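> just coords:
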């Protein structure tokens with residue numbers, strides 16, 4: 001084979017290698033988290049009496065939960081797990097949490113401030129939100145599609161999901177996919193495996 005042929009083949013291999021590396025680099029820049037929908041618009045009052053909306057969180061990766069302070073069943077577990085998430089990202093101002101009460105008649109901003117202190121809330125972007133009861137129920141069930149409602153048979157008078165929603169910096173609800181390629185939609189707020197998964201995906205979104 002002539003010398004020029006070797007040079008030509010080597011050049012083609014070099015170009016292919018550069019193209020392959022570039023393609024792989026671009027591919028790994030994007031994570032595989034599904035964009036489910038835009039976060040619903042909301043405006044509520046936090047534990048410091050400040051108006052907080054979905055716009056407040058733009059530019060931040062954040063987690064949304066629906067809970068109530070007098071809950072003695074799943075809420076303490078959910079909030080304990082969110083403290084763990086808070087501690088993982090403490091000091092990162094591009095991260096936040098929105099804890100929305102489904103019992104706003106009891107969970108006033110002043111009460112939620114004491115509740116936050118009791119839980120060990122330190123992150124400045126962790127807002128405990130209260131407002132109109134009907135508004136919040138619509139936000140949960142029709143905005144986020146996370147089940148919440150009054151239930152006379154449930155302890156504390158309310159029934160609700162133990163799932164968390166994950167929102168990216170542009171206000172998109174995101175989730176990873178299961179082994180079959182289907183989005184999981186929400187993150188399990190009760191089991192450690194769900195919390196570990198949530199923390200992994202928060203890290204991915206913070207890099208976007």
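Thanks, I have the structure now. This one's a predicted model, so the numbers in the text were calculated from it and none came from an experiment.
> ok, now which ones touch the nearest residue to residue 202 once chain neighbours are set aside?
Leaving out its chain neighbours, the residue that sits closest to residue 202 by CB to CB, 6 or more residues apart in numbering is residue 61, at 5.6 Å. C-beta coordinates here come from the backbone N, C-alpha and C atoms, glycine included. For residue 61, the set of contacting residues under the criterion of CB atoms under 8 Å, 6 or more residues apart in numbering consists of 94, 95, 96, 166, 167, 168, 169, 202, 205, 206.
> Give me the secondary structure label for the residue nearest the centre of the chain.
The residue lying closest to the centre of the chain (CA atoms, centre = their mean) is residue 166, at 2.1 Å. Three states are possible here, and by DSSP: H, G, I helix; E, B strand; the rest coil the one that applies to residue 166 is strand.
> residues contacting it?
61, 62, 63, 173, 174, 175, 186, 187, 198, 201, 202, 205.
> Bridged to it, which residues?
Residue 166 forms beta bridges with residue 63, residue 174, as assigned by DSSP bridges.
> List the beta-bridge partners for residue 101.
For residue 101, the beta-bridge partners are residue 67 (DSSP bridges).
> shouldn't it be in contact with residue 133?
No - distance between residue 101 and residue 133: 9.4 Å, which falls outside the contact criterion (CB atoms under 8 Å).
> Looking at these two now, which is surrounded by more residues?
Counted by other CB atoms under 10 Å, residue 101 and residue 133 do not tie: residue 101 has more neighbours, with 30 against 14.
> how near is residue 83 to residue 90?
The gap separating residue 83 from residue 90 is 10 Å, by CB to CB, to the nearest Å.
> The two - which one has more neighbours?
Neighbours per residue, other CB under 10 Å: of residue 83 and residue 90, the larger number sits with residue 83, 17 against 12.
> In a markdown table: the contacts of residue 61, plus distance to residue 48 and pLDDT.
Conversion of the contacts of residue 61 to a markdown table gives the following (distance: CB to CB, whole Å; pLDDT from 0 to 100):
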| residue | distance to residue 48 | pLDDT |
| --- | --- | --- |
| 94 | 20 | 98 |
| 95 | 18 | 98 |
| 96 | 14 | 98 |
| 166 | 24 | 98 |
| 167 | 21 | 98 |
| 168 | 25 | 98 |
| 169 | 23 | 98 |
| 202 | 24 | 98 |
| 205 | 26 | 98 |
| 206 | 25 | 98 |
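> List the contacts of the nearest residue to residue 132 once chain neighbours are set aside.
Leaving aside its chain neighbours, residue 132 sits nearest to residue 104 (6.9 Å; criterion: CB to CB, 6+ apart). Under the criterion of CB under 8 Å, 6+ apart, the contact list for residue 104 reads 130, 131, 132, 133, 136.
> Good, we can wrap up now.
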